[in-house]
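Peer 1: Sequence first, then the predicted structure, then my questions.
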Amino acid sequence: MGWIEASIILFGGLVALMGLGLPVAFAFLGLNVIGALLFLGGEQGLPQLTRNAVQSVTSFSLTPIPFFVLMGEVLFHTGVAMKAIDAISLLIRRVPGRLSVIVIVAGTVFSAISGSTIATTALLGTLMLPTMLDRGYEPRMAMGPIMGIGGVDMLIPPSALTVLLGSLAGISITGLLIGGIVPGLMLSILFVGYIIVRAKMNPALAPAVPEAEAPEGLARWLPFLVYVLPLLLIFVIVVGAMTRGWATPTEAAALGATGTILAAAAYRGLTPANLMRALIGTVAISGTILFIIVGATTFSQVLSFSGVINGIVGLVAGHGFSSLVVILGMLLILLFLGCFVDQVSMMLITLPFFMPLVTGMGIDPIWFGILFLMCMQLGLLTPPFGLLLYTMKGVAPASISMQEIYQAAMPYVFFGLFIIALILAIPGIATWLPRLIGQ
Amino acid sequence: MRRLSAAFGRLFDLFAIVAAILLAAMVLIVTGDILLRNFIRSGFIWANEVSEYALYFMTVLVAPWLLRRGRHVRLDLVLAVVPSRVAWFMEVAVDLAGIATCLVLLRYGAIMTMESWRTGSITIKNLVFPEWWLLAPLPIVFALLALEFVFRLHRLFDGERGRRIEATSVG
């Protein structure tokens, strides 16, 4: 069988099983059974398939995932996040589009502690959206920032999906985590600028409400020092421990999780019940990610043995495209997939092909990795199936249509595309910080 | 059938709680290792290895529970647009495909585990133990997953003729 027939069977099978609605992990598993029979030596390949499944998640490079997810879950289940929002809103006053700006700043702080985008969007949507709509904010002005900043959560460490990308692609996990900081912050700043300009041009979008008498001086700053600064300190410890080489990503993540639990306890927010909720929430999210890995790990092996990878990589490499054209092609594929497929599957389907090309053409893996993350981040926001759009639909009042949610997310999608173009033009945006620490 | 399904539901809940405790233990062990290494210069040399195994056990422990709760991510773009009767037939096909896949993996996982037990394979890193200790949970989990797909199928026939609402991403 040639590689073209093999790719039709493997990708056709995957599309059919996933399209049917079989959970992604089981679609990969089912296809691996077929692939092992066809390409891994028939029935003998099947016990090997199960051995691979065990080895796939017995991996030290994946252990940061549950720890990073746990940090966010603790933050949200113990009420610490709400106190942080209150503290931030005391500091941000007399800014056009004030509540939207607060959303961006609070979301950026949360993304430095949380490894999960849904959690951030759902939390900000639940806490801030009703207030914003009550105060007469135009729905798009209220929902857009919440979704936009939810996507940024994936770029700013800690981020579970970044760890997974590094582990699957064989790119330095520390390098990727650190490399996401600058693009993430750039997006946050762009969002704030956009909100202020929009609100200034058309104040009806975000009516300024006279605030109640607010405290001044120390009373204004104290909540920030008490509730926000320690969270940022945890971020500094996690990132610092990794970049200084004191700790592996796993160890830094474990320190972060311990730090977050201790902080929640210090704020008297921690109870056995909400700690258990956070732990259960974490095993649910990480279990979902890791079980897909169990299913998909042999997939790349099957692709390789069937000759599909060599075939496609050879086809692309043989055309003599420049590396920029190849990267653009890969990014377009990712943006397209992002509209339909979840982030973990995106990585598992594309990385077996992309990484040999990246290595073969001498493309900087961290630069490529950050561009990959940006595309996955946009996949959270692009219609028709962007996850954060649905998260927003889930927490927004019933009167808000899906159409309005799409429109609200659009400006933030354009900012994402703009940053992608910028990173393509100036790779240093992604690679400067990782280089600085020797990654 | 319903009582059997409820009994397994409770078992899966218990598994999830065990996984949560395992996660808490992982955090404690890795943090403890770092602190000990830095303060008294001797940590747990087995810490990394144990957390790798814990990650695997956690993953397989929650898999049936996630299936029961519809938390295993899937694509619903076709299911969402076809008439609900067609969607229902697709759901039946999904469960049958799930049962078939899990049974194949149950069979070969069991064969592999028995083989490893028979030949006395040993896992040697910092900790030394028979390899089948690691392999055995896999066929057990696929047996439970196959069973849960049967329960899902049963619920499907009990319920309305339409699609199920389940998770579509992990974010």
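Peer 2: Great, that's in hand.
Peer 1: Going by C-alpha atoms from here, please, whenever you check contacts or count neighbours.
Peer 2: OK.
Peer 1: Tell me which residues of the host helix or strand of A:Gly281 come out buried.
Peer 2: If you go by DSSP states H and E, A:Gly281 is part of helix A:272-305. By 16 or more other CA atoms under 10 Å in any protein chain shown, the buried positions in helix A:272-305 come out as A:274-305.
Peer 1: Next, report how far that helix is displaced from the centre of its chain.
Peer 2: Helix A:272-305 sits 15 Å away from the centroid of its parent chain (CA atoms, centre = their mean, to the nearest Å).
Peer 1: still on that earlier bit, ok, and of the buried residues of helix A:272-305, which contact chain B?
Peer 2: Contacts with chain B within the buried residues of helix A:272-305, as defined by CA under 8 Å from any CA of the partner chain: A:276, A:279-280, A:282-291.
Peer 1: Need these in CSV (columns: distance to B:Met90).
Peer 2: What follows is these, written out as CSV (distance: CA to CA, whole Å):
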residue, distance to B:Met90
A:Met276, 36
A:Leu279, 34
A:Ile280, 31
A:Thr282, 31
A:Val283, 29
A:Ala284, 26
A:Ile285, 26
A:Ser286, 28
A:Gly287, 25
A:Thr288, 22
A:Ile289, 24
A:Leu290, 26
A:Phe291, 23
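Peer 1: Using TSV, please lay out those residues together with distance to A:Leu185 and pLDDT.
Peer 2: TSV is the format used below for those (distance: CA to CA, whole Å; pLDDT from 0 to 100):
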residue	distance to A:Leu185	pLDDT
A:Met276	32	96
A:Leu279	29	96
A:Ile280	31	95
A:Thr282	26	93
A:Val283	29	94
A:Ala284	29	92
A:Ile285	25	88
A:Ser286	26	90
A:Gly287	29	92
A:Thr288	29	90
A:Ile289	26	88
A:Leu290	29	91
A:Phe291	32	92
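Peer 1: nearest to A:Val109, of those?
Peer 2: Nearest to A:Val109, judged by CA to CA, of these is A:Thr282 at 19.9 Å.
Peer 1: What sits closest to the closest one if chain neighbours are left out?
Peer 2: A:Leu70 (5.4 Å; CA to CA, 6 or more residues apart in numbering or on different chains).
Peer 1: Quickly note the distance from the most centrally placed residue in chain B to B:Ala136.
Peer 2: By CA atoms, centre = their mean, chain B has its centre lying nearest to B:Ala63, at 2.5 Å. B:Ala63 sits 15 Å away from B:Ala136, taking CA to CA, to the nearest Å as the criterion.
Peer 1: Check A:Glu73 too.
Peer 2: For A:Glu73, the distance to B:Ala136 (CA to CA) stands at 31 Å.
Peer 1: Does A:Ala398 lie in a helix or a strand, and which?
Peer 2: Per DSSP H and E, there is no helix or strand for A:Ala398.
Peer 1: SS state for the nearest residue to A:Pro427 once chain neighbours are set aside?
Peer 2: In this structure, A:Pro427 finds its nearest non-sequential neighbour in A:Trp367, 6.3 Å apart by CA to CA, 6+ apart. Assigned with DSSP: H, G, I helix; E, B strand; the rest coil, A:Trp367 falls in the helix class.
Peer 1: which stretches of the stretch 1-150 of chain A have low pLDDT?
Peer 2: Within the stretch 1-150 of chain A, no stretch has pLDDT under 70.
Peer 1: Other residues contacting the one helix or strand A:Gly150 maps to?
Peer 2: Assigned by DSSP H and E, A:Gly150 falls within helix A:139-152. Contacting residues not belonging to helix A:139-152 are listed as A:100-101, A:103-104, A:107-108, A:111, A:117-118, A:120-121, A:124-125, A:129, A:132-133, A:184, A:187-188, A:191, A:195, A:205-206, A:377-378, A:380-381, A:388-389, A:392, A:400, A:404-405, A:407-413 [CA atoms under 8 Å, 6 or more residues apart in numbering or on different chains].
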